[in-house]
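**Q** predicted structure and sequence below. I'll ask about it afterward.
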Amino acid sequence: MKSLSNSFGRPALRASLLAGILALGLGACAQDIRVRGNIPDAEVVSKINPGVHSRIDIQSLLGSPSTKSTFQDSKWYYIGQKSTQFAFFAPEVLERTVLVVSFDAAGLVVTTRTYDLADGRTIDPVDRITPTEGREISILQQLIGNLGRFPAQ
């Protein structure tokens, strides 16, 4: 007669251990959605009235902008994106939103424009190399070149 411990012992333990390892492995590869920046709610943005709202009103409605225009502080940018990444693959951008709020000299809203992922353009960086003056020497040449340069004190 078989004992009760032998019938449930090793095969059940192996199966539960394998199921646990499989669950951990699949959980590690789950997609996670990351939200970065400030994505204003469309309902709140629709409440902004040109000529009525000021900078203070916009800041209380939307919070601090992601960035401001470089000169004259006439445009505020609210930039945000949602992306996902599966395991070790490159991240995929799901949504990107840029809200541009323009102000006049008095600080009142002139226009609001919203740009999304479809409005973006790919920019190819320039790969030129800027030449520099001087010689190219190795680290060993630098170390040996400094021997005897400084007076002993």
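**A** Sure, I can see it. Numbers count the residues shown, from 1 in each chain.

**Q** please make it C-alpha for all contacts and neighbour counts, starting now.
**A** Noted.

**Q** after the lengthiest helix in the chain comes which helix or strand?
**A** The longest helix of the chain (DSSP state H) is helix 10-28. Counting by DSSP states H and E, the next helix or strand C-terminal to helix 10-28 is strand 32-37.

**Q** hmm, who's touching that next one?
**A** By C-alpha atoms under 8 Å, 6 or more residues apart in numbering, the residues outside strand 32-37 that reach it are 66, 78-86.

**Q** make it 7 Å
**A** By C-alpha atoms under 7 Å, 6 or more residues apart in numbering, the residues outside strand 32-37 that reach it are 79-85.

**Q** so which of those residues is the most crowded?
**A** Neighbour tally across the contacts of strand 32-37 (other C-alpha atoms under 10 Å): the maximum, 21 neighbours, falls on residue 79.

**Q** quick one: average pLDDT of the helix or strand in which it is found?
**A** Assigned by DSSP H and E, residue 79 falls within strand 75-85. Here strand 75-85 scores 91 as its mean pLDDT.

**Q** quick one on the thing from earlier: would you turn the contacts of strand 32-37 into JSON lines with distance to residue 17?
**A** Formatted as JSON lines, the contacts of strand 32-37 follow (distance: C-alpha to C-alpha, whole Å):
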{"residue": "79", "distance to residue 17": "46"}
{"residue": "80", "distance to residue 17": "42"}
{"residue": "81", "distance to residue 17": "39"}
{"residue": "82", "distance to residue 17": "36"}
{"residue": "83", "distance to residue 17": "34"}
{"residue": "84", "distance to residue 17": "30"}
{"residue": "85", "distance to residue 17": "28"}
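
**Q** out of those, who's nearest residue 98?
**A** residue 79 (4.6 Å; C-alpha to C-alpha).

**Q** secondary structure element for the spatially closest residue to the closest one that is not a sequence neighbour?
**A** Spatial nearest neighbour of residue 79, excluding adjacent residues (C-alpha to C-alpha, 6 or more residues apart in numbering): residue 98 at 4.6 Å. For residue 98, the element it lies in under DSSP H and E is strand 92-103.
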